[in-house]
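> Output the structure for:
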Amino acid sequence: MELLEALNRHWGYESFRPNQEDAMACVMDDRDSVVVLPTGGGKSLCYQAPAVCRSGLAIVISPLISLMKDQVDSLRTSGVPAAFINSSQSDHERRQVADTVRSGKLRLLYIAPERLVQQRTIDFLKSSNVTFFAIDEAHCISEWGHDFRPEYRSLKMLREQFPGVALHAYTATATEQVRADIVRQLGLIDSEMLVGSFDRPNLFFRTERMDDRMAQVREVLRRHKRESGIIYCTSRKAVDELSELLNAQGFRTLPYHAGMDADARSRNQEAFIQESVDTIVATVAFGMGIDKSNVRYVIHCGMPKSLENYQQESGRAGRDGLDADCVLFYSMADYARWKSNIDGASAGNREASHHTLRAMVDYCTGVRCRHRSLVEYFGQDFDSESCNACDVCAGELDVVDDALVIGQKILSGVVRQGQRYGGEYTAMVLKGSRDQRVRGNGHDKLSTWGILEDQPVQTIRDWIEQLVSQDFLLRTGEYSILNIGPRGGDLLRGEVIPTLLRASDSQVRLNKQVARQKTNWEGVDRDLFDELRILRHDLAAQAGVPAYIVFTDETLRQFARIRPSTLAGMRAVHGVGDKRLADYGDAFLACITEYCRLSGTSFDNTEVRVPSSNAGSGVADAENSVSRSSRMADRKPSRQPDDEGRKTASKESSSTKPAAFKLFREGHSVDDVAARLKRAASTVRGYLCEFIDQEGLTDPDPWLSADELSRVEIAIKECESDRLKPIFEKLGGEVSYDTLRIAVCLLRNRAEAVAE
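Residues are numbered from 1 along each chain as shown. As a prediction, the model looks like this:
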């Protein structure tokens with residue numbers, strides 16, 4: 001089949017993701033379509049693969065410059081002729097693109113809606129053999145969507161200007177109302193409507209009440225050391241403060257929000273994409289158009305205003321199909337702030353806004369499976385009894401044994417207060433607070449005053465919210481007054497038992513999280529993975545593309561599981577197409593060969609290979625929605641004949657870094673440390689950069705000469721940046737990337753010392 005051959009040849013995928021084949025068939029058959037697939041579901045391939053298989057030019061309408069560039073870089077790396085036209089280019093560059101279009105060699109052209117609707121552009125495209133239009137982020141066309149953009153409305157002219165040319169709309173988030181609006185606004189004819197599952201089984205969802213923000217965030221970052229992540233805050237001030245505090249504690253972060261100037265935002269975004277920093281701390285201004293596949297965690301330091309927003313923002317994690325964490329730290333102060341914003345708005349549907357906010361609160365405080373809550377909110381069924389991928393189903397929250405008695409005590413308290421007070425106040429009374437307001441109302445004399453004095457007030461507050469989510473209590477009126485709900489009478493009579501949860505002991509919870517993370521890496525040689533990751537960073541920096549475009553994390557993990565000994569063996573790995581193999585295969589094969597030779601590790605360990613994922617993502621298909629980690633948990637890694645040698649090597653690997661740090665303190669060179677520890681030089685250089693960061697070193701001896709450091713320092717000043725590629729080019733390629741990385745670490749420490 002032509003499409004499947006193209007997927008394998010260019011992208012290294014062996015099968016379709018759910019709905020992809022049908023979506024591609026619409027493009028091949030010139031039938032209008034609306035395709036709604038979750039983030040990471042392989043939407044882009046739905047039009048990219050057909051564009052390769054058809055003659056002529058496919059026009060992709062995209063709202064953001066950064067998204068266009070990343071898509072085009074990825075396509076070119078896959079061997080697909082693609083280009084974009086936007087305001088970031090010079091006149092000369094745009095003319096070059098136009099010449100390529102005229103030559104008939106281009107397969108995909110990315111363009112913004114504002115430029116597309118210009119008459120000059122329309123006239124040019126009419127002479128360019130346009131085969132179809134793909135409208136990306138199509139929810140922007142609907143005023144009912146969460147990110148409406150008026151300029152998208154103008155796209156309705158395509159039907160008139162290009163009669164007979166099919167239109168295809170693609171989005172990750174579109175309700176039934178939005179989908180209908182897309183069809184109407186674009187004038188689609190007998191369009192096919194393809195809607196995938198909203199579930200993302202590779203994402204682990206967890207919610208926690210905000211207690212100690214720094215400690216809670218730090219715990220997540222420590223589990224994901226040297227991995228990419230996003231932290232969302234609800235204000236610009238919170239972004240700046242949190243980024244600064246995390247950096248002071250040794251984490252590598254940068255801020256991003258609308259209050260920064262455009263150049264600073266662009267630099268920080270680029271540093272995150274290029275993996276020069278691990279974490280971006282941002283407001284919701286960051287995210288749309290960020291096509292970074294290997295985000296391993298998304299943290300929300302504050303409650304989003306709707307589940308639509310939360311699904312989109314958390315969905316930026318794990319786009320490569322590997323497991324990722326989505327952690328939401330919330331407080332009821334977040335709810336109060338959003339509610340105030342809604343009430344103070346001069347326009348809009350307040351009732352609908354209150355409904356979506358209420359659903360967000362119920363998600364945070366509820367006792368139901370997080371995956372089920374999200375999927376059912378978007379109108380789909382969730383068939384599994386347990387997702388095994390959220391804090392509720394994974395047992396990170398303990399079920400309260402005496403839930404009936406506790407529930408009755410809480411409802412009795414609400415009744416005796418006359419059903420006239422909110423959750424915070426009710427929790428205070430049940431705890432036995434001597435607050436002036438409680439005493440002034442005479443509620444310290446109630447039989448229910450102090451009836452839960454042995455429980456923390458926050459725990460009581462959580463139970464109240466859980467009772468609301470199960471309809472035992474209701475919130476009413478402007479001030480969210482608690483009333484007895486439709487099931488409350490049954491509870492008071494003891495005819496039904498509520499489900500009440502409390503957080504497990506923090507150490508028990510952490511142990512479960514660490515155990516789950518180890519499962520995700522089952523069979524992967526972590527030292528080899530780190531080495532491959534360093535190589536990927538260097539090659540990406542030289543090419544000026546994001547690291548994941550070279551190879552995804554999923555592909556690197558497979559390399560580190562299998563340790564292929566030939567290019568043919570590498571080509572069989574998921575995500576390795578012909579062009580990537582030709583461009584990068586030799587470098588990665590050499591790295592694997594050197595590592596195995598120095599560590600005495602065997603090659604071609606095919607028995608522990610994970611089954612190939614579907615095209616465009618590693619997420620399990622609709623017929624098997626169990627996460628990758630769950631599947632791997634049931635699989636025991638097969639051992640090679642040299643089992644004992646492998647065990648010994650594993651033990652040695654875990655102590656390699658401390659041993660390297662000790663040798664660095666003694667003044668040994670990189671080559672000397674590599675020889676002593678029997679590790680590749682690239683791995684040891686990575687250890688050295690960590691050592692320099694940890695120790696705050698500024699002296700280059702014995703790893704660099706003073707002259708090398710001085711040259712790099714001058715180049716940084718001239719480039720006004722410490723990014724490696726511009727420095728490398730400024731120095732005419734005379735200083736290696738390995739040397740540049742070490743020099744930049746030293747110079748950053750110098751700058752920090754001067755600042756202090």
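
> quick one, phi psi at residue 297?
Here is the backbone geometry of residue 297 (degrees, to the nearest 10): phi -160, psi 140.

> can you count the residues close to it?
24 (other CB atoms under 10 Å). In this view, the C-beta of every residue, glycine as well, is placed from N, C-alpha and C.

> close enough to count as contact, it and residue 328?
No: assessed by CB atoms under 8 Å, residue 297 is found out of contact with residue 328, at 11.7 Å.

> so which helix or strand takes in the nearest residue to residue 444 once chain neighbours are set aside?
With sequence-adjacent residues excluded and distances taken as CB to CB, 6 or more residues apart in numbering, residue 444 is closest to residue 438, at 5.6 Å. When elements are assigned from DSSP states H and E, residue 438 belongs to helix 436-440.

> Likewise for residue 60?
Counting by DSSP H and E, residue 60 is found in strand 57-61.

> what sits up against the helix or strand just after the helix holding residue 438?
Next helix or strand after helix 436-440 toward the C-terminus (DSSP H and E): helix 457-469. The contact list for helix 457-469, computed with CB atoms under 8 Å, 6 or more residues apart in numbering, reads 209, 211, 332, 361-362, 364-368, 400, 406-407, 410-411, 423-424, 426-428, 430-431, 433, 452, 473-475, 482, 485, 498-502.

> For the helix or strand just after helix 457-469, list the C-alpha coordinates in CSV.
Later in the chain than helix 457-469, the nearest helix or strand by DSSP H and E is strand 473-476. Extracted in CSV, the C-alpha atoms of strand 473-476 (Å, rounded to 0.1, in the frame of the first residue of the first chain):
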residue,chain,number,x,y,z
LEU,A,473,-23.9,18.1,48.9
LEU,A,474,-24.7,20.9,46.6
ARG,A,475,-23.3,24.4,46.2
THR,A,476,-25.8,27.1,45.6
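
> Output the contacting helices and strands for the strand holding residue 60.
The helices and strands touching strand 57-61, judged by 3 or more CB pairs under 8 Å, 6 or more residues apart in numbering; DSSP states H and E, are helix 43-53, strand 108-111, helix 113-116, strand 130-135.

> hmm, back to that, give me the mean pLDDT for the helix holding residue 438.
Taken as a whole, helix 436-440 carries a mean pLDDT of 92.

> Which strands and helices lie in contact with that helix?
For helix 436-440, the packing partners by 3+ CB pairs under 8 Å, 6+ apart come out as helix 423-431.

> If we go by neighbour counts, what in the helix it packs on is buried?
Of all the residues in helix 423-431, those buried under the rule 16 or more other CB atoms under 10 Å are 423, 425-431.

> starting at the chain centroid, how far to that helix?
Put simply, helix 423-431 sits 38 Å off its chain's centre (CA atoms, centre = their mean, to the nearest Å).

> cool, and stretch 480-499?
Taking CA atoms, centre = their mean, one finds stretch 480-499 lying 39 Å from the centre of the chain it belongs to.

> Next, the distance between the ends of that stretch.
Across stretch 480-499, the terminal residues are separated by 22 Å (CA to CA, to the nearest Å).

> could you pull out the helices for the stretch 51-200 of the chain?
If DSSP state H, counting those that start in this stretch is used as the criterion, the helices of the stretch 51-200 of the chain fall at 65-77, 91-103, 113-116, 119-126, 157-161, 176-186.
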